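**Student:** Coordinates only, no sequence provided:
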Ligand SMILES: [Zn+2]
Ligand SMILES: [Zn+2]
């Protein structure tokens, strides 16, 4: 890739050193000094400019004596060659099935670091305007790309790849902000650069300048995609410090676990939402420009905000609220609001909802329930569910050969939660036996030496409850865990999960 571009230096080199006019105009920090600050300043500068302004500023030193249509054709060819290589790389990367999971599992600080590496790389790559090319790419902002736990970046790469694959190369990533700098719609450029006459007459210099800038915009985007992804790949192969936890999780859990955690991360809220304490609506449910009110007494006395969408909602809710008003910080803890200890989790997250829907009085882990069941349980599983319903402090009931009941209880809160969540899935969705493996492995480790129990006895019981296949699957999971030497699935899941999400401190609320 690099060599192909080097050969073309002859044309690009003389104008590569154009002064960074825009950076100067907006008083932007040099990318080499502080990429983070550089990015922030550009985000603000782009937000306050139109594409036409940017183009005008950038064409300051250039006129059509610099570029002939032949030049443009040549620049097209360079971009085409570059995009061929970039498309191949991105295609492999995005379709290997792990890259997006690894990326999503990285924490935001690490994600930002890689994005800034990408921006630095693109700024130093061979383009006409160097770091000023950033001004042509409003979609390449760190905050955009970090949105939804980093899904913004994956979406961006996917769009770049799809654009390249679906049109004749060179491919131009559509962007309505940028296209406002030209009256010519984007597809026109894709058809041919020598269409004549153009749909609308413009001065040749403007048309050519827009085309040259568009080529450089897409080059910057391509370089950004390559430099940022290669920074991530370098960290994966070199097992960089910031990558360790994620790789550990990838290697020590079944693929679906890592994927599901990554998936949860894309739905996490970055801040709590506001809901009317009475009708539970959010501002966006009601309409634009609506202003929610807060209870003034609670606010002044307790520095505590209880929100209402309207006076009538406040009135309606008064009979409930008056007991605590001004005296105690009490809200309903509606889903997603500050008062919801799981506000970061989306309203449709099944695990968060399982916990949210626990009885409000005496919220405890012991209430992570068993019922109701979708589908039909085996008689043995039905009996298990009934016993668990009757004894909420027990994690599970095992049976000795003579039929004596052994009550299984876990002390560790994290393990208790994971066990109970898996148990909930197993007992409410009889066709979904994935969780049985985790339960079985954990109980075999802790209980097979218990007087009256053995591996065989426990496995036999689980087969009676969930089907004959589960014994083989449990043993397989045990073998996998043994190879890793990392404890059972539940133990290592817990460890890895807390390294991605932080500690499960909210569990203490539930004891
Ligand atoms: Zn309301
Ligand atoms: Zn109040």
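**Tutor:** Happy to help now that I have it. Note that the structure is predicted; figures quoted are calculated from it, not measured. Ligands and ions are numbered 1, 2, ... in the order given.
**Student:** Residue 178 contacts residue 218, doesn't it?
**Tutor:** No - the pair residue 178 and residue 218 does not pass the contact test of CB atoms under 8 Å, sitting 10.1 Å apart. From N, CA and C alone the C-beta is placed, and that goes for glycine too.
**Student:** Compare those two and say which is more crowded by neighbours.
**Tutor:** Neighbour count, other CB atoms under 10 Å: between residue 178 and residue 218, residue 218 has more, with 27 against 24.
**Student:** Find me the pLDDT at the spatially closest residue to that one that is not a sequence neighbour, would you?
**Tutor:** Computed as CB to CB, 6 or more residues apart in numbering, the closest residue to residue 218 that is not its neighbour in sequence is residue 172, at 5.5 Å. Looking at residue 172, its pLDDT stands at 88.
**Student:** Surely residue 172 is in a strand?
**Tutor:** No - assessed with DSSP: H, G, I helix; E, B strand; the rest coil, residue 172 is coil; it does not lie in a strand.
**Student:** Return the backbone torsion pair for it.
**Tutor:** With angles defined as degrees, to the nearest 10, residue 172 sits at phi -110, psi 120.
**Student:** Please enumerate the strands of the chain.
**Tutor:** 293-294, 307-308, 396-399, 405-408 (DSSP state E).
**Student:** Go through the protein and flag its longest helix.
**Tutor:** helix 204-237 (DSSP state H).
**Student:** tell me which strands and helices it is in contact with?
**Tutor:** helix 51-58, helix 69-94, helix 99-105, helix 108-124, helix 142-166 (3 or more CB pairs under 8 Å, 6 or more residues apart in numbering; DSSP states H and E).
**Student:** again, only this time at 6 Å
**Tutor:** If you count contacts as 3 or more CB pairs under 6 Å, 6 or more residues apart in numbering; DSSP states H and E, helix 204-237 packs onto helix 69-94, helix 108-124.
**Student:** What is the first one packed up against?
**Tutor:** Judged by 3+ CB pairs under 6 Å, 6+ apart, the packing partners of helix 69-94 are helix 142-166, helix 204-237.
**Student:** which one of those has the lowest average pLDDT?
**Tutor:** Among those, helix 204-237 scores lowest, with a mean of 86.
**Student:** Report the angle between that one and helix 69-94.
**Tutor:** 20 degrees (axes from the mean of the first three to the mean of the last three CA atoms, to 10 degrees).
**Student:** Mean neighbour count, the helices and strands packed on helix 204-237: which tops it?
**Tutor:** helix 108-124 (a mean of 21; mean count of other CB atoms under 10 Å).
**Student:** now that helix, how far from the chain's geometric center?
**Tutor:** 17 Å (CA atoms, centre = their mean, to the nearest Å).
**Student:** next one: stretch 480-497
**Tutor:** 24 Å.
**Student:** what does it contact?
**Tutor:** 248, 249, 252, 253, 414, 415, 418, 438, 441, 442, 445, 477 (CB atoms under 6 Å, 6 or more residues apart in numbering).
**Student:** again with stretch 304-324
**Tutor:** 274, 276-279, 281, 286, 292-295, 298, 329-331.
**Student:** before we move on, back to that, and ligand 1, which of the helices and strands packed on helix 69-94 is closest to it?
**Tutor:** Closest to ligand 1 of these is helix 142-166 (CB to the ion; 27.8 Å).
**Student:** Could you pull out the buried residues of the closest one?
**Tutor:** Neighbour-count burial for helix 142-166, counted by 16 or more other CB atoms under 10 Å, picks out 142, 145-146, 148-157, 160-161, 163-164.
**Student:** Distance check, residue 248 against residue 100.
**Tutor:** 18 Å (CB to CB, to the nearest Å).
**Student:** Which of the two has more residues huddled nearby?
**Tutor:** residue 100 (22 against 18).
**Student:** Now for that one: which residues touch it?
**Tutor:** residue 154.
**Student:** tell me the pLDDT at it?
**Tutor:** 85.
**Student:** related to what we said a few turns ago, tabulate the strands of the chain in a markdown table, adding columns for mean pLDDT.
**Tutor:** Below are the strands of the chain laid out as a markdown table (pLDDT from 0 to 100):
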| stretch | mean pLDDT |
| --- | --- |
| strand 293-294 | 92 |
| strand 307-308 | 95 |
| strand 396-399 | 96 |
| strand 405-408 | 95 |
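**Student:** before we move on, the earlier item: for residue 58, state which of the contacts of stretch 480-497 is nearest.
**Tutor:** residue 249 (44.5 Å; CB to CB).
**Student:** okay, that closest one: pLDDT?
**Tutor:** pLDDT, residue 249: 72.
**Student:** ok, now how distant is it from ligand 1?
**Tutor:** 42 Å (CB to the ion, to the nearest Å).
**Student:** For the stretch 201-350 of the chain, what lies in contact range of ligand 1?
**Tutor:** By CB under 5 Å from the ion, the residues of the stretch 201-350 of the chain that approach ligand 1 are 276, 278, 279, 309, 313.
**Student:** could you redo the last one with a cut-off of 6 Å?
**Tutor:** 276, 278, 279, 281, 308, 309, 310, 313 (CB under 6 Å from the ion).
**Student:** Now, of these, which are buried?
**Tutor:** 276, 278, 281, 308, 309, 310, 313.
**Student:** and these as a markdown table, adding distance to ligand 2?
**Tutor:** Listed next are those as a markdown table, based on distance: CB to the ion, whole Å:
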| residue | distance to ligand 2 |
| --- | --- |
| 276 | 14 |
| 278 | 12 |
| 281 | 19 |
| 308 | 10 |
| 309 | 15 |
| 310 | 16 |
| 313 | 13 |
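**Student:** Can you add distance to residue 386 and give the helices and strands packed on helix 69-94 back as a markdown table?
**Tutor:** Shown next, in a markdown table, are those (distance: least, CB to CB, whole Å):
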| stretch | distance to residue 386 |
| --- | --- |
| helix 142-166 | 40 |
| helix 204-237 | 48 |
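**Student:** what sits against residue 387?
**Tutor:** Taking CB under 6 Å, 6+ apart as the definition, contacts of residue 387 comprise residue 397.
**Student:** Try it again at 8 Å.
**Tutor:** Contact analysis of residue 387 by CB atoms under 8 Å, 6 or more residues apart in numbering lists 394, 397, 405.
**Student:** show me which of those residues neighbour ligand 1.
**Tutor:** Applying CB under 6 Å from the ion to the contacts of residue 387, none is adjacent to ligand 1.
**Student:** Compare the mean pLDDT across the helices and strands packed on helix 204-237 and name the weakest.
**Tutor:** Among those, helix 69-94 carries the lowest mean pLDDT (a mean of 86).
**Student:** mind listing the helices for the stretch 201-350 of the chain?
**Tutor:** Listed in chain order, the helices of the stretch 201-350 of the chain (DSSP state H, counting those that start in this stretch) span 204-237, 244-252, 255-267, 283-286, 296-302, 311-321, 350-356.
**Student:** Which one of those lies nearest to residue 88?
**Tutor:** helix 204-237 (10.8 Å).
**Student:** in the closest one, what counts as buried?
**Tutor:** 206-232, 235-236.
**Student:** How far away from the center of its chain is it?
**Tutor:** Worked out by CA atoms, centre = their mean, helix 204-237 lies 23 Å from the chain centre.
**Student:** Which one of the contacts of residue 387 is nearest to ligand 2?
**Tutor:** residue 394 (41.6 Å).
**Student:** quick one: contacts for that closest one?
**Tutor:** 387, 388, 407, 408, 409.
**Student:** can you check residue 405 too?
**Tutor:** Counting by CB under 8 Å, 6+ apart, residue 405 has contacts 387, 397, 398, 399.
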